[in-house]
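Asks: Attaching a predicted model along with its sequence, questions to come.
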Amino acid sequence: MQATAARDVVTVEAGEVTSLRVRVAANPAPTYQWRKAGVAIADATANTLTIEDVQPENAGSYDVVVTNTAGSVTSRANRCWPIKQA
């Protein structure tokens, strides 16, 4: 099983929507758990993590743990950096 993050760094304006995605080649189908700074994010259990209304407190390092009966793998971290609107 291999998990590949789509982007390493995401820069987004405050108030915008951003999505982090992971591509996985696995059989049987895996489960997903997104984390911020190593802490599980509640209800973030799909291959895409969408952050609505991005704010400075959303800045940080995000990864996803992908698990199936063959084991678990953690994606490379994505860093989200909200910037203030001009």
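Replies: Arrived safely. Numbers count the residues shown, from 1 in each chain.

Asks: going forward, measure contacts between C-alpha atoms and count neighbours the same way
Replies: Fine.

Asks: Helix or strand next in line after the least confident helix or strand in the chain by mean pLDDT, which one?
Replies: Least confident helix or strand of the chain, by mean pLDDT, DSSP states H and E, is strand 2-5 with a mean of 52. Helices and strands here follow DSSP states H and E; after strand 2-5, the next one along the chain is strand 9-13.

Asks: could you dump that following strand to CSV, C-alpha only?
Replies: Taking only C-alpha atoms (Å, rounded to 0.1, in the frame of the first residue of the first chain), the coordinates of strand 9-13 have been written out as CSV:
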residue,chain,number,x,y,z
VAL,A,9,2.6,23.1,0.6
VAL,A,10,-0.8,24.8,0.3
THR,A,11,-1.0,28.6,0.5
VAL,A,12,-4.5,30.0,0.6
GLU,A,13,-6.1,33.3,1.4
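
Asks: Parallel or antiparallel, which strands does that strand pair with?
Replies: The sheet places strand 9-13 alongside strand 78-83 (parallel), with pairing taken from DSSP bridges.
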